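Asker: Here is the input, now give the coordinates:
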Amino acid sequence: MSIKIIRVLLLVCGWNIVHAQSSGEISQGNYFRSTQETYFNKTIKPWRYQFTPGIDSLGALGQIIFWRTEGILDPVAKAYWNPSIALTVYPQSSIEAVEALSRSIYAGSTCDSLNKGGSVFRIGQFVLLSHTSCVQCASAANIDYCRKIVQHILEAIPDKTNQDWKAILKQLVIDKARFK
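Answerer: As a prediction, the model looks like this:
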């Protein structure tokens with residue numbers, strides 16, 4: 001008897017899908033666009049950034065902090081927390097020194113692997129480095145909530161060739177705010 005019920009369900013579901021596609025209710029483009037919007041609204045939109053200008057011995061342009069404003073429920077810790085990562089912005093000409101510093105930071109960190117600092121991101125003429133030995137990216141369930149999101153945010157910049165950092169900041173798909 002259960003096989004008959006499954007067949008009926010498959011028949012009804014199949015008819016609904018065919019009907020929806022033939023009537024134009026579901027098109028591949030609309031589904032993709034809808035999926036992108038859902039991903040953006042749930043994953044990218046809750047993130048903010050703050051940039052603080054400054055120069056150090058390697059010629060850093062300043063520090064940018066990315067953080068999530070909406071807490072994420074950590075299933076292991078059973079508590080909400082807000083992932084964040086601070087990155088120092090350097091000109092591309094400092095890449096060798098930045099990569100050496102990155103290796104040093106990562107090797108010297110005593111944090112769990114997903115929370116180790118020293119991450120490097122490249123965007124056009126700029127290199128971003130996580131200077132701290134530990135970052136607040138991974139949940140107790142060992143899910144990294146920062147690096148892939150920051151990478152998506154940076155990849156969404158339309159004109160990565162611009163050599164003006166302020167022009168790059170204006171192209172970010174997330175809002176500017178004050179870090180708390």
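
Asker: didn't Lys45 look like it was pressed against Ala156?
Answerer: No - if you go by C-beta atoms under 8 Å, Lys45 and Ala156 don't touch, sitting 11.9 Å apart. To be clear about C-beta, it is placed using only N, CA and C from the backbone, and glycine gets the same treatment.

Asker: Overlap of the contact sets of the two?
Answerer: Both Lys45 and Ala156 lack any common contact, where contact means C-beta atoms under 8 Å, 6 or more residues apart in numbering.

Asker: Report the contact partners of the most centrally placed residue in the chain.
Answerer: With distances taken as C-alpha atoms, centre = their mean, the chain has Ile149 as the residue nearest its mean C-alpha position (0.6 Å). Ile149 is in contact with Thr43, Ile44, Trp47, Phe66, Arg68, counting by C-beta under 8 Å, 6+ apart.

Asker: Check the residues you listed and tell me the two furthest apart.
Answerer: Maximum pairwise distance in the contacts of Ile149, criterion C-beta to C-beta, is 12.8 Å, between Thr43 and Phe66.

Asker: Between these two, which has more neighbouring residues?
Answerer: Between Thr43 and Phe66, counting by other C-beta atoms under 10 Å, Phe66 is the more crowded of the two (24 against 14).

Asker: Can you tell me the SS state at that one?
Answerer: strand (DSSP: H, G, I helix; E, B strand; the rest coil).

Asker: My read is that it contacts Pro46, right?
Answerer: No - if you go by C-beta under 8 Å, Phe66 and Pro46 don't touch, sitting 11.1 Å apart.

Asker: Dump whichever strand or helix holds the residue nearest to the centre of the chain to CSV, keeping only the CA atoms.
Answerer: Per DSSP states H and E, Ile149 falls inside helix 147-155. The C-alpha coordinates for helix 147-155 follow below in CSV (Å, rounded to 0.1, in the frame of the first residue of the first chain):
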residue,chain,number,x,y,z
ARG,A,147,37.0,33.9,5.3
LYS,A,148,34.6,32.7,2.6
ILE,A,149,32.2,35.6,3.3
VAL,A,150,35.0,38.1,3.1
GLN,A,151,36.2,36.5,-0.1
HIS,A,152,32.7,36.7,-1.6
ILE,A,153,32.4,40.4,-0.5
LEU,A,154,35.8,41.2,-2.1
GLU,A,155,35.0,39.2,-5.3
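
Asker: Beyond it, next helix or strand please.
Answerer: Assigned by DSSP H and E, the successor of helix 147-155 is helix 165-170.

Asker: could you give the mean pLDDT of that following helix?
Answerer: Helix 165-170 comes out with an average pLDDT of 94.

Asker: Show the subsequent helix or strand relative to it.
Answerer: strand 175-176.
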